[in-house]
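>>> give the three-dimensional model of this entry:
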Amino acid sequence: MKKVVLIMVCALFNITIYAQQSKTTTTHKTTVTQPEKAYFALDTQQVSFGRLTIGNAKTMEVKFTNTGKKTLVLMDVYTNCGCTTVDWPKDPFAPGKSGVIKITYNPTEEGPFNKAVWIYTNASNKQEEIKIEGFVVEK
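Next up is the predicted model:
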């Protein structure tokens, strides 16, 4: 009789521990996989313009997607020099929707260049950076 009671107590103890672990794991997964904000995901964070000649501007496009749960808004996009201009969509992006940021570089002097474009959004990752680089040669 004592053995049966001992086996029952051990079984009940194991079931309780297993149930506790399952609850903890499920709660943790729910928290991690379901953010309640927009998320700004870039296809790339580095753009190579390659070899350019002075005075010949070149435009490259960078695709982005709202991979979050709320509407994404690009609030501001700017660069660190006057030789780079940026055109970005001003409309909001629903979850799962994509858009394009157009970056134009107008080379004015010879040599390598490394510039940056900063994007500010309402997403959980509020700021992202795209680095642009290339090499300018004389005409």
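
>>> what pairs with the most centrally placed residue in the chain across the strands?
Compute the mean C-alpha point of the chain, and by C-alpha atoms, centre = their mean the closest residue is Ala41, 2.9 Å away. For Ala41, the beta-bridge partners are Thr65 (DSSP bridges).

>>> where's it relative to Glu129, distance?
Here Ala41 is placed at a distance of 14 Å from Glu129 (C-beta to C-beta, to the nearest Å). Bear in mind the C-beta positions are built from the backbone N, C-alpha and C, glycine included.

>>> that older thread, residues in contact with the residue nearest to the centre of the chain?
Residues counted as contacts of Ala41 (C-beta atoms under 8 Å, 6 or more residues apart in numbering) are Phe64, Thr65, Asn66, Thr67.

>>> need those residues in TSV with distance to Tyr120, neighbour count and pLDDT, can you?
Compiled in TSV, these are given as follows (distance: C-beta to C-beta, whole Å; neighbours: other C-beta atoms under 10 Å; pLDDT from 0 to 100):
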residue	distance to Tyr120	neighbour count	pLDDT
Phe64	13	24	97
Thr65	17	17	97
Asn66	15	23	96
Thr67	18	15	95
